[in-house]
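**Student:** Next come a sequence and a model predicted from it.
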Amino acid sequence: MQLESNGISDYEVSTLTSKLIAEIFNTKKYRLIEREKIDLILKEQGFQTSGCTSSECLVEVGQIIGVELILGGIVGKVGQTFMISVRLIDVENGEITNTSTLEFRGEIDALLTDIIPEIAKDITRQYIRTSNEFIGEWINDKDIPNSIYRLKIENSSNKL
């Protein structure tokens, strides 16, 4: 989902969101569904995402698109200080499983080069949910497009 904007342009938020998605993907801890595929699924279901920033709305989106986790957050600016706050939500129970918030004073391009990579590392550090599968074993299901994957999680108390 697109990060919410507060005090910066939609174009800048879109760029920061794309960078966050790429950085999370690069951690190799999660498989992601492309934003275009999410938009297509939601459009087919008649779901409007404008204004969808609450955890409840994000959980509903996650259920529609069939994911275990969904990310939401905000990028804001007050004076010369930027703040990025993201949360990882378990779609099954609606619980926020992890959050990461960083503030930065300076030019916005440092958010892209320095802050977003730190947010991605931080938000992907702690999540674990138990089931009968394996942590971190990636599967590319043959019956779905290559850009859609799922993560198998094991019954373990180990953290990623």
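**Tutor:** Sure thing, it's come through.
**Student:** spatially speaking, which residue is in the middle of the chain?
**Tutor:** Most central in the chain under C-alpha atoms, centre = their mean is residue 71, positioned 3.0 Å from the mean C-alpha point.
**Student:** May I have the beta-bridge partners of that residue?
**Tutor:** residue 88 (DSSP bridges).
**Student:** And for the one 4 residues further on?
**Tutor:** Using DSSP bridges, the bridge partners assigned to residue 75 are residue 5, residue 84.
**Student:** how close does it get to residue 82?
**Tutor:** When C-beta to C-beta, to the nearest Å is the yardstick, residue 75 and residue 82 sit 7 Å from each other. (Each C-beta comes from the backbone N, C-alpha and C, glycine too.)
**Student:** ditto for residue 61
**Tutor:** From residue 61 to residue 82 the distance is 26 Å (C-beta to C-beta).
**Student:** re earlier: please look at the residue nearest to the centre of the chain and residue 123 and confirm they touch.
**Tutor:** Yes - with contacts counted by C-beta atoms under 8 Å, residue 71 reaches residue 123, the gap being 7.2 Å.
**Student:** Mutual contacts of the two, please.
**Tutor:** With contacts taken as C-beta atoms under 8 Å, 6 or more residues apart in numbering, residue 71 and residue 123 have 24, 86, 87, 88 as neighbours in common.
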